[in-house]
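Engineer: Predicted model and sequence follow; I will ask about them next.
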Amino acid sequence: MGISDEDLAALRQRITHVVHSAASVSFDDPYEASFRANVVGTVNALRFSHGLQEAPESPFVAHVGIETSYIHGRQTRTLAREDEVVFPRNFYNNYYELTKAMASIETERFMLTKGLRVVQLCPAIVIGESRAGNNRGDTKVVNAPVNVFGRAHEALSAPRGKWFERTSASVIARMACIFPGDPSAQLNLIPVDWVARGMLAAVRRPESIGERVHLATDNRITSQQITDTVQEELDVRVRLASPTLHRTLTLPILTKVLTGFKQARLANALEKLGTIFGGYSEWGQPVHQVGNDVTVLGLPEQRPNTLHAFRMLCRHNRYVQNFGQVRDLDEISRRERVWWNFVVDLENEAGEPVGAMPAPDFRAALANRLNPATFEPLER
């Protein structure tokens, strides 16, 4: 890990915990890159922690490994259990899931054969903070399709130029608003603050050593709820398409047409979204067992409301980041502070989470409190 022998000797007398949260979260990486980041990287971190634990008079307590609840691959009519890893007869959605499962096996090997003290934390699909949607400028994973849909709405609602240009913009925008998903498919989205709470709890609770904990939710969101929420929050109608049909027929046609319209960048983005989300929104995704987050880590029994959190993700992407178009980190940080104060004040006044507010009520409150041009609070 690039640490000198002298520094390593000092660290062995001081480090109590190693939290390994690094991984490649690119769902479309090739196998070699995913294996190097997720398997080789995990083994290196485990070796480092084992060296700390074996040092004389070591204060080392435990290695906290951040894995993923999607190590279980596709499941059929069975729970993805916290206390076992079973390689599925079906398949994994991508090399990310496969190599994370392989890394989990390596972690088990270090625990069973070397006696390494490990806590395995397995988050679901991580999104922004539950209360205000803060994602620190992230534009990947779930944020990516929301941003595409939002920009499509802007193209539909503000057509400019000649008739042909307006028609082309409309056609292109409608093409972008197709999401591969079975209406009943369930996605397990978990806000980042719940994951952070789990990590802190794992460090504080020695009884979590040797346990696998799903940092997931018991109130999953369906593809249909996602598209309904996007329509309410972004004013854009997203059509669901059969993931298999979309992957094999619709997407290749869309890509070809968009390229013909000189929209190769959008075609590439849609192809990437189809590749990433086509699998996660199909029928047969794992239904994760939860419980150890409460019994082992001591987290509250009431987990974050997924629908509320997704609403706040949409609102945050729309108003704070302008669908990923605000890129300056200082400006994002400034907007985050203004947004947080706005959300807290609105919650105190309404007496309920902002994520529970219907879209029209939220927009009215926003118009009364923030200047959309400067993103500064209005005088009241």
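Structural biologist: Yes, it's here.

Engineer: Going by C-alpha atoms from here, please, whenever you check contacts or count neighbours.
Structural biologist: Fine.

Engineer: Please report the distance of residue 187 from residue 209.
Structural biologist: Applying C-alpha to C-alpha, to the nearest Å, the value for residue 187 to residue 209 is 28 Å.

Engineer: Residue ranges in the stretch 1-150 of the chain under the pLDDT threshold?
Structural biologist: 75-77, 87-90 (pLDDT under 70).

Engineer: So which residues of it form helices?
Structural biologist: 5-11, 31-35, 41-54, 95-114, 143-157 (DSSP state H, counting those that start in this stretch).

Engineer: can you list those in JSON lines and add distance to residue 179?
Structural biologist: Listed next are the helices of the stretch 1-150 of the chain as JSON lines, based on distance: least, C-alpha to C-alpha, whole Å:
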{"stretch": "helix 5-11", "distance to residue 179": "49"}
{"stretch": "helix 31-35", "distance to residue 179": "26"}
{"stretch": "helix 41-54", "distance to residue 179": "34"}
{"stretch": "helix 95-114", "distance to residue 179": "21"}
{"stretch": "helix 143-157", "distance to residue 179": "8"}
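
Engineer: remind me which residues of the stretch 151-300 of the chain are low pLDDT?
Structural biologist: In the stretch 151-300 of the chain, residues with pLDDT under 70: 155-172, 275-278.

Engineer: what is the mean pLDDT for the longest helix anywhere in the chain?
Structural biologist: The residue-count maximum for a helix in the chain (DSSP state H) belongs to helix 329-350. Averaging pLDDT along helix 329-350 gives 95.

Engineer: Name the next helix or strand downstream of it, please.
Structural biologist: Where DSSP states H and E defines the elements, the next helix or strand beyond helix 329-350 is helix 359-369.

Engineer: quick one, the longest helix of the chain and helix 359-369 angle?
Structural biologist: 110 degrees (axes from the mean of the first three to the mean of the last three C-alpha atoms, to 10 degrees).

Engineer: Figure out which of the helices of the stretch 1-150 of the chain is closest to residue 339.
Structural biologist: Nearest to residue 339 among these is helix 143-157 (17.6 Å), distances taken as C-alpha to C-alpha.

Engineer: Check which helices and strands that closest one sits against.
Structural biologist: helix 163-176, helix 223-234 (3 or more C-alpha pairs under 8 Å, 6 or more residues apart in numbering; DSSP states H and E).

Engineer: Counting neighbours, what do you get for the nearest residue to residue 98 once chain neighbours are set aside?
Structural biologist: What sits nearest to residue 98 in space, not counting adjacent residues and going by C-alpha to C-alpha, 6 or more residues apart in numbering, is residue 92, at 6.0 Å. By the criterion of other C-alpha atoms under 10 Å, residue 92 has 21 neighbours.
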